[in-house]
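[1] Build me a model:
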Amino acid sequence: MRGSKLVITGASVLTRMVEVPFSALTVVEISGPGTETTNAGIIGGGFGLTGAAIGILTAGAINAITTRSKTNTFLHIGTREAEVFLHTSMYEPFDLRLALSAACVAAENCDRRGLAAQLGDLYALHLSGALDAVEYARAKAAVLPGTPPVQGALPPG
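    Purely as a prediction, here's the structure:
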């Protein structure tokens, strides 16, 4: 993350970097089992005390040799225009949630209503007199993607 942007890069140097402003985020979901440890699952045993001891020690050694840990954490990032699903084996889900805390909060607080509804709300505020022409133009420019910000007062009409 850089300031108020989420920066997404790949593992390869050749992968393109994508910057997503927090204001564009609609969903940041983190899931997955995290680290899972597996082994051969052998249970030792034998006849008599000596046989049981040898079986238990042998099973323990085989399980220790075959023990593997693997981390699986999944990340879903969405905007109104696109979404991406990512996998990482470097972070536990909770650790990734902490690292992306600001982006998660931004997505949780986003206005999921459509652009038309937001513009309609602004127009209603303008008609009611709560926003003058300059305030309405500035607010509309802030909502519409790619619109340059309004500077100073607007000419009449």
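[2] how about the biggest strand by length in the chain: buried residues?
    Looking across the chain with DSSP state E, the single longest strand is strand 25-38. Under the neighbour-count criterion of 16 or more other Cβ atoms under 10 Å, strand 25-38 has 25-26, 28, 30, 32 buried. (Glycine included, C-beta is placed from N, CA and C.)
[3] What residues sit buried inside whichever helix or strand comes after that strand?
    The element immediately downstream of strand 25-38 (helix or strand, assigned by DSSP states H and E) is helix 48-65. Neighbour-count burial for helix 48-65, with 16+ other Cβ under 10 Å as criterion, is recorded at 55, 59, 63.
[4] if we can go back for a sec, for the buried residues of strand 25-38, work out which two are farthest apart.
    Spatial extent of the buried residues of strand 25-38 (Cβ to Cβ) is set by the pair Thr26 and Gly32 at 20.6 Å.
[5] Does anything pack onto the helix or strand harbouring Ala102? Which helices or strands?
    Using DSSP H and E, Ala102 maps to helix 101-108. Counting by 3 or more Cβ pairs under 8 Å, 6 or more residues apart in numbering; DSSP states H and E, the packing neighbours recorded for helix 101-108 are strand 25-38.
[6] Now do the strand it packs on and helix 48-65, the angle between them.
    150 degrees (axes from the mean of the first three to the mean of the last three Cα atoms, to 10 degrees).
[7] Only C-alpha atoms, please: export strand 25-38 in CSV.
    What follows is strand 25-38 as a C-alpha-only set of coordinates in CSV (Å, rounded to 0.1, in the frame of the first residue of the first chain):
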residue,chain,number,x,y,z
LEU,A,25,-12.4,-0.4,-3.7
THR,A,26,-15.8,-2.1,-3.2
VAL,A,27,-14.6,-5.3,-1.7
VAL,A,28,-11.4,-6.7,0.0
GLU,A,29,-12.0,-10.2,1.2
ILE,A,30,-9.4,-12.4,2.8
SER,A,31,-10.0,-16.1,3.3
GLY,A,32,-8.4,-19.5,3.3
PRO,A,33,-7.2,-22.0,5.8
GLY,A,34,-3.8,-20.4,6.4
THR,A,35,-1.0,-22.8,7.3
GLU,A,36,-1.9,-26.5,7.2
THR,A,37,0.5,-29.2,8.4
THR,A,38,0.4,-32.7,7.2
